[in-house]
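[1] Here you go, sequence then predicted model.
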Amino acid sequence: MTDISLQTLTEDEPQFGDYFALLKPRVMTLVVFTAFVGLLAAPDGLHPFVAFCAVLFIAVGGGASGALNMWWDADIDAVMRRTAKRPIPSGRVSRDEALGIGLTLSGFSVVFLGLATNWVAAALLAFTIFFYVVVYSMWLKRSTPQNIVIGGAAGAFPPMIGWAAATGGVSVESVLMFALIFMWTPPHFWALALFMRSDYDDAGVPMLTVTHGRPATRRHILIYTLLLAALALAMAATSVGGPAYLLCALVLNALFVKGAVAIWRRDEVQAEADNYAVEKRFFKLSLLYLFAHFGAILADQALAALGLGFGGLF
């Protein structure tokens with residue numbers, strides 16, 4: 001699966017930023033934030049220093065997953081415009097280095113999360129790394145158009161891990177936070193795939209746009225968005241819901257459904273004529289969507305601390 005050209009380093013020595021880029025820092029931002037919200041929303045609190053360490057080790061585990069993903073996907077990253085400048089295909093870091101960093105950080109993050117909090121949280125982190133690298137990257141990504149649907153579970157675990165770090169277990173609330181990210185992932189990535197299809201064609205990745213075409217992808221985006229909206233609104237009724245979350249869910253899901261309907265109604269002639277403007281707006285909204293929902297959960301925790309929260313709407 002590798003090419004000698006991928007192993008060739010540039011004349012310059014790799015910089016710290018090259019190794020940091022292996023950890024997918026933009027993805028790690030979402031991991032850190034959702035894990036932090038899951039931890040703070042849990043009924044059992046942690047000492048601030050322990051909470052900081054828990055979030056740090058979850059972030060390191062997320063970064064380890066990113067490094068191992070880049071190690072495995074170096075060949076297809078090299079032929080996709082969106083990923084060609086990553087550290088390995090650009091020659092700044094070798095695949096062996098990425099593998100070593102990923103394995104080392106994986107072990108470090110799991111062991112130290114277990115020591116700092118509990119072994120339930122550590123086990124969930126270990127499973128998340130395994131799922132992302134083995135189940136998604138090595139198996140699903142190259143074999144089925146359901147790669148994003150099933151593989152989305154890997155990115156959905158952080159709030160559950162944060163919750164487990166505080167409570168030592170899993171609850172309805174943490175499962176719903178997991179489900180929110182899980183259901184958000186397909187429309188988010190399928191919107192990207194609509195205007196980046198050539199990348200997946202070139203790399204031989206069986207994204208839904210490649211295997212079933214864009215019209216089918218548009219239908220799937222609408223279906224998953226409707227299911228996502230129902231799930232997002234249902235979470236307002238739990239102990240992590242409140243006025244801020246309900247308002248956010250009502251507004252953002254109305255906009256998200258509106259965007260999905262607009263995508264569903266378009267054909268390729270319209271989309272190509274305006275350079276997929278509607279799809280790109282939907283994708284940008286999807287980036288805000290998840291941060292806003294988890295930010296609203298955080299806001300409700302602050303309101304509850306001030307005695308202004310609803311403690312679950314129903």
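    Alright, I've got the coordinates.

[2] List the residues that contact Lys141.
    Lys141 is in contact with 73, 147, 151, 205, counting by C-beta atoms under 8 Å, 6 or more residues apart in numbering. From N, CA and C alone the C-beta is placed, and that goes for glycine too.

[3] Neighbour count, pLDDT and secondary structure for those - can I get that in TSV?
    Formatted as TSV, the contacts of Lys141 follow (neighbours: other C-beta atoms under 10 Å; pLDDT from 0 to 100; DSSP: H, G, I helix; E, B strand; the rest coil):
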residue	neighbour count	pLDDT	secondary structure
Asp73	22	91	coil
Asn147	22	89	helix
Gly151	21	86	helix
Val205	21	84	coil
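
[4] got the residues you listed as CSV, with distance to Ala51 columns?
    As requested, the contacts of Lys141 are exported to CSV (distance: C-beta to C-beta, whole Å):
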residue, distance to Ala51
Asp73, 33
Asn147, 34
Gly151, 29
Val205, 38
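
[5] List just the nearest of the residues you listed to His47.
    When the contacts of Lys141 are compared for distance to His47 (C-beta to C-beta), Gly151 wins out at 34.7 Å.

[6] The closest one against Arg142, yeah?
    No. With contacts counted by C-beta atoms under 8 Å, Gly151 stays clear of Arg142, the gap being 11.1 Å.

[7] any weak-confidence spans in the stretch 151-300 of the chain?
    By pLDDT under 70, the stretch 151-300 of the chain contains no weakly predicted segment.

[8] swap the cut-off to 90 and go again
    151-152, 195-207, 209-210, 213, 239, 241, 267-273 (pLDDT under 90).

[9] Now do the strands in the stretch 1-150 of the chain.
    Here the stretch 1-150 of the chain has no strands by DSSP state E, counting those that start in this stretch.

[10] mind showing which ranges of it have poor pLDDT?
    Looking at the stretch 1-150 of the chain by pLDDT under 90, you get 1-19, 25-28, 30, 43-45, 77, 79-85, 90-91, 141-142, 145-150.

[11] ok, the closest residue in space to Gly62 that isn't next to it in sequence to Trp72 distance?
    Closest residue to Gly62 apart from its sequence neighbours, by C-beta to C-beta, 6 or more residues apart in numbering: Val31 at 3.8 Å. Per C-beta to C-beta, to the nearest Å, Val31 is found 19 Å from Trp72.

[12] which one of these two has more residues nearby?
    Of the pair Val31 and Trp72, Val31 is the one with more neighbours under other C-beta atoms under 10 Å, namely 26 against 23.

[13] can you pull the contacts of the spatially most central residue of the chain?
    Residue closest to the mean C-alpha point of the chain, counted by C-alpha atoms, centre = their mean, is Gly155 at 3.8 Å. Applying C-beta under 8 Å, 6+ apart, we find Gly155 in contact with 27, 30-31, 132, 181, 185.

[14] Check Met138 too.
    With C-beta under 8 Å, 6+ apart, Met138 has these contacts: Trp72.

[15] same deal with Ala59?
    Counted by C-beta under 8 Å, 6+ apart, Ala59 has contacts 28, 31-32, 35.

[16] Most neighbours among those, which one?
    Most crowded among these, counting by other C-beta under 10 Å, is Ala35 at 29 neighbours.

[17] Give me the neighbour count for Pro43.
    Pro43 - counted by other C-beta under 10 Å - has 11 other residues nearby.

[18] That one and Ser239 touch, don't they?
    Yes. Contact criterion C-beta under 8 Å: Pro43 and Ser239 qualify, at 7.3 Å.

[19] mind checking the longest helix of this structure?
    In terms of residue count, the longest helix belonging to the chain (DSSP state H) is helix 277-305.

[20] What residues sit buried inside that one?
    Buried residues in helix 277-305, counted by 16 or more other C-beta atoms under 10 Å: 278-279, 282-283, 285-286, 289-290, 293-301, 303-304.
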